[in-house]
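Student: got a predicted structure plus its sequence, pasted below:
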Amino acid sequence: MTDHPYRPTVRSQADLEKVWRHLMQPLGFSGASIWMLRLDPDGLAVPHLLEIAEAELAPDDPGPFAGLLADLDSVDPGGSYAFLRTRPGHGGVDAGDRTWAGFLYTAGRLAGVRLEVVHLATDADIVPLPLDEVGLPRSA
């Protein structure tokens, strides 16, 4: 057993998916959450994972969350943020997943921070939710 924290380097969406698979195994969720992982400017994961529990429905206004991201980024600028939505079930991407991903992408754009591709984890799999999957233009 090691005392060293898990600090992978993320350089691609495939790298990030591997990180989420490592962190979320075994799959199986009792409720919906949003997970946030901070990556430093070199793509190295910061060894702290934030969970927003009981995240069934995305808020209507991304402004306050954008303010939080901007505040976090002002303390440690230059990196990026990775988000994962987890929820129970075996079905594919649903409207709630798309709404959450759209909320997160919009908050990142409003905050002026770099977001990695948002991912979804269900009881069956982990999949990416890129901008075109959620109906937002690539400039978001």
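Tutor: It's in. Worth saying up front: this structure is predicted, and the values here are computed from it rather than measured.
Student: show the pLDDT at Pro47.
Tutor: As predicted, Pro47 sits at a pLDDT of 87.
Student: mind checking which helix or strand of the protein has the lowest mean pLDDT?
Tutor: When the helices and strands of the chain are scored by mean pLDDT, DSSP states H and E, helix 131-134 comes last with a mean of 83.
Student: distance from the chain centre to that helix, please.
Tutor: Centre-to-centre, helix 131-134 and its host chain are 14 Å apart (Cα atoms, centre = their mean, to the nearest Å).
Student: just checking, what packs against that helix?
Tutor: For helix 131-134, the elements it packs on are helix 95-111, judged by 3 or more Cβ pairs under 8 Å, 6 or more residues apart in numbering; DSSP states H and E. Where C-beta positions appear, they are placed from N, C-alpha and C, glycine not excepted.
Student: same question for the helix it packs on, mean pLDDT?
Tutor: 96.
Student: what's the answer for stretch 10-22, then?
Tutor: pLDDT averaged over stretch 10-22 gives 96.
Student: buried ones in it?
Tutor: The neighbour-count check on stretch 10-22 (16 or more other Cβ atoms under 10 Å) flags Val10, Leu16, Glu17, Val19, Trp20 as buried.
Student: likewise for stretch 66-74?
Tutor: Using 16+ other Cβ under 10 Å as the burial criterion, the residues of stretch 66-74 that qualify are Ala66, Leu69, Leu72, Asp73.
Student: tell me which of the residues you listed is nearest to Ile126?
Tutor: Leu69 (22.7 Å; Cβ to Cβ).
Student: which residues does the closest one contact?
Tutor: Tyr81, Ala107, Gly108, Ala111, Val113 (Cβ atoms under 8 Å, 6 or more residues apart in numbering).
Student: state the phi and psi torsions of the first one.
Tutor: Per-residue torsions, Tyr81: phi -120, psi 140 (degrees, to the nearest 10).
Student: run through the neighbouring helices and strands of the longest strand anywhere in the chain.
Tutor: Using DSSP state E, we find that the single longest strand of the chain is strand 45-53. Strand 45-53 is packed against strand 33-39, with contacts defined by 3+ Cβ pairs under 8 Å, 6+ apart.
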